[in-house]
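Asks: Have a look at this prediction, sequence included:
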Amino acid sequence: MKPREVAGGGRAVEVPPERLDGFFARFGERHGGIAATETTPFEVRVTAADGATATATVPFGPLDGGSLAAHVSVPRRIALLLVRLGSHSVGIARDGRVEVSRTDRHLVHGRSAAGGWSQQRFARRRAGQARQALQAAARDAFEVLVPRLSEVDAVVLGGDRRALEELREDRRLAPLFARAEPRVLEIAEPSRAVLEEAAVRALSVQVTLRDPS
């Protein structure tokens with residue numbers, strides 16, 4: 001994934017576990033060496049000699065004593081819930097490979113530029129389509145993911161935050177959302193291919209880079 005801008009300045013990158021040590025080594029080389037490293041159970045902050053920082057959010061936390069690289073290299077089975085308005089994909093992945101999945105798509109019309117009663121009718125129809133799409137996503141998450149929660153090490157979400165918040169209100173999915181990682185993956189329209197990509201990305205470490213102030 002390409003770097004993306006983050007609130008408060010800086011850019012976030014996703015670093016695969018096997019590249020983490022090399023990533024921080026190159027960061028130090030570019031900025032005159034490493035001046036300090038601060039480690040908490042949920043964050044590792046590396047400060048370079050020139051004041052630049054690289055802050056890694058610990059996935060599957062807390063970090064318990066060992067190195068971040070060792071922590072993220074532990075084999076894990078992960079439940080994935082990806083949803084955008086009109087489509088969703090759910091699955092169980094082990095070490096980045098999808099073992100079981102279900103993907104579906106439902107028609108949800110875009111917004112209408114018309115006015116008056118026509119616009120109101122269109123809005124009601126669109127709301128009904130969106131509701132049906134989210135109901136289908138909830139059903140598949142309940143049938144595919146919830147029964148397997150005892151088998152997984154973490155739950156990773158992806159897609160549209162508003163759609164995810166609506167699914168969170170479904171009581172059947174409460175155990176699923178209770179296990180969800182804070183990070184939400186930014187994804188394209190959910191599909192089996194996007195699910196497979198997300199299974200690999202879910203294992204990566206998000207690092208926020210900020211230049212010297």
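Replies: Looks like it came in fine.

Asks: so the residue most central in space within the chain bridges to which residues?
Replies: With distances taken as CA atoms, centre = their mean, residue 185 lies nearest the centre of the chain, 2.5 Å away. Legend: beta-bridge partners of residue 185 under DSSP bridges are residue 158.

Asks: That one against residue 160, yeah?
Replies: No. Assessed by CB atoms under 8 Å, residue 185 is found out of contact with residue 160, at 11.1 Å. Placement of C-beta: from N, CA and C, glycine included.

Asks: can you list the weak-confidence ranges in the protein?
Replies: Where the chain drops to pLDDT under 70, the residues are 1, 107-130.

Asks: What are the boundaries of the strands in it?
Replies: Ranges of strands in the chain, per DSSP state E, are 4-5, 11-15, 34-40, 43-48, 53-57, 77-84, 87-94, 97-105, 154-159, 180-185, 205-210.

Asks: Show me how the record splits this structure into domains.
Replies: 4-73+204-210, 77-201 (automatic domain parsing).

Asks: Tell me how far the residue nearest to residue 27 when sequence neighbours are not counted lies from residue 183.
Replies: In this structure, residue 27 finds its nearest non-sequential neighbour in residue 54, 5.0 Å apart by CB to CB, 6 or more residues apart in numbering. Distance of residue 54 to residue 183, given as CB to CB, to the nearest Å: 17 Å.

Asks: what does residue 68 give?
Replies: Remark: distance between residue 68 and residue 183 (CB to CB) = 15 Å.
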